[in-house]
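Student: output the structure for:
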Amino acid sequence: MPRYEMLNNIAHRDLRVTTGFGPEFGDAVGMLPAYPSEFAELQREYPLFLRKDTTTGDWQSVALLGFEQHENLFLQDGRWNASYLPGAAAKGPFLIGFQENRIDGELTQEAVLHVDLDHPRVNAMQGEPVFLPQGGNTPYLDHIAGVLRGIHDGHAFGAQMFATLDAHGLIQPITLDVQIDPQHRIGVNGLHAIDRDRLALLDGPALAELNRAGYLEGAYLMLASLHNMRRLIAEKQRRLRMSDSAAAAGRN
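Tutor: From the prediction side, this is the model:
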């Protein structure tokens, strides 16, 4: 269970965060939340899809990392093999929380950083320090604050964007059923994607509406991201060949 505390430079003056990658840090996941604020970076390397929250009915965009629940094909030997790290992975043990303040008699909510002290990346022995010896923020913490701002802004923008795209019938279910090789067939359920044909059929006013809101660019970035499926499939094939070769060597 997470143990969140509001971050401060007194109680957490010795806090350090390990920045390597691996299953021990919770990185072995098949997909991660993705946010429109980072689509331009993500679409260069990750296939982007949508999933519906079964509890709220809201749409959430995701970056596909693998074809199984705990398969991250970007992980290898403690490294994340991509030039851009999704914000959901980069934020580590931190999140934005809110505290209530009364200003001029009005109750307001102020965004503040929180840290999960039970997160596997958190320790006091090694890793990136969060605070400088004199109490100021380290460059690492400033970077994390920027990542969290992007997530916060992207989440709010995405909720409106996906609701609008859905209202235009542009979000449709997609079946990922891929024959990796003669012995291996894989599939991922529950994913949706932007329907390219329906998008092409929108009339001028609808396209103008989406463009003015900034949603049209996001839709095309999601479509462009799908070419990354080839990379993901190729990496899956490579790992299956390695696994089969290792198994064959073990039998000899």
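Student: where does the protein dip in pLDDT?
Tutor: Scanning the chain with the threshold set as pLDDT under 70 gives 100-105, 107-109, 246-252.
Student: what's the single longest helix in it?
Tutor: Among the elements of type helix in the chain, defined by DSSP state H, the one spanning the most residues is helix 139-167.
Student: quick check: buried residues in stretch 4-14?
Tutor: By 16 or more other Cβ atoms under 10 Å, the buried positions in stretch 4-14 come out as 4, 7, 12. C-beta: built from backbone N, CA, C; applies to glycine.
Student: show residues contacting it.
Tutor: In this structure, residues lying in contact with stretch 4-14 by Cβ atoms under 8 Å, 6 or more residues apart in numbering are 94-95, 97, 99, 112-117, 124, 130-131, 135-136.
Student: need the max-distance pair from those residues.
Tutor: When Cβ to Cβ is used, the two most widely separated members of these are Q99 and A124, lying 25.2 Å apart.
Student: thinking E71 is in contact with M31, fair?
Tutor: No. Using Cβ atoms under 8 Å, E71 makes no contact with M31, being 9.8 Å away.
Student: neighbour count winner among the two?
Tutor: It is M31, of E71 and M31, that has more neighbours when counted by other Cβ atoms under 10 Å, with 25 against 16.
Student: quick one, what contacts G190?
Tutor: If a contact means Cβ under 8 Å, 6+ apart, then G190 has 51-52 as its contacts.
Student: what do you get if the cut-off is 10 Å, keeping everything else the same?
Tutor: For G190, the contacting residues are 31, 49-52, 54, 62, 173-174, 176, by Cβ atoms under 10 Å, 6 or more residues apart in numbering.
Student: can you flag the buried ones in these?
Tutor: Restricting the contacts of G190 to buried positions leaves 31, 49-50, 52, 62, 174, 176, with burial counted as 16+ other Cβ under 10 Å.
Student: related to what we said a few turns ago, which of the contacts of G190 sit farthest apart?
Tutor: T54 and L176 (18.7 Å).
Student: where along the stretch 151-252 of the chain do the strands fall?
Tutor: Remark: strands assigned in the stretch 151-252 of the chain by DSSP state E, counting those that start in this stretch are 171-173, 176-181, 184-188, 192-194.
Student: quick one: list the elements packing against the last one.
Tutor: The one in question is strand 192-194. In terms of contacts (3 or more Cβ pairs under 10 Å, 6 or more residues apart in numbering; DSSP states H and E), strand 192-194 is packed against strand 48-52, strand 59-64, helix 139-167, strand 171-173, helix 215-225.
Student: and the shortest one, what does it pack onto?
Tutor: Counting by 3+ Cβ pairs under 10 Å, 6+ apart, the packing neighbours recorded for strand 171-173 are strand 48-52, helix 139-167, strand 192-194, helix 196-200.
Student: adding distance to N81, write the ones you listed out as a markdown table.
Tutor: Putting the helices and strands packed on strand 171-173 into a markdown table (distance: least, Cβ to Cβ, whole Å) gives the following:
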| stretch | distance to N81 |
| --- | --- |
| strand 48-52 | 18 |
| helix 139-167 | 20 |
| strand 192-194 | 24 |
| helix 196-200 | 29 |
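Student: what's the closest of these to R16?
Tutor: Comparison of the helices and strands packed on strand 171-173 against R16 by Cβ to Cβ identifies helix 139-167 as nearest, at 9.4 Å.
Student: and the helices and strands packed on strand 192-194: which comes nearest R241?
Tutor: Of all those, it is strand 59-64 that lies closest to R241, at 21.0 Å by Cβ to Cβ.
Student: before we move on, the earlier item: which ones among the contacts of stretch 4-14 map onto strands?
Tutor: Among the contacts of stretch 4-14, the ones falling in strands (DSSP state E) are 94-95, 97, 99, 112-116.
Student: which one (most neighbours) among these?
Tutor: Top of the ones in strands among the contacts of stretch 4-14 by neighbour number is V115, holding 27 neighbours under the definition other Cβ under 10 Å.
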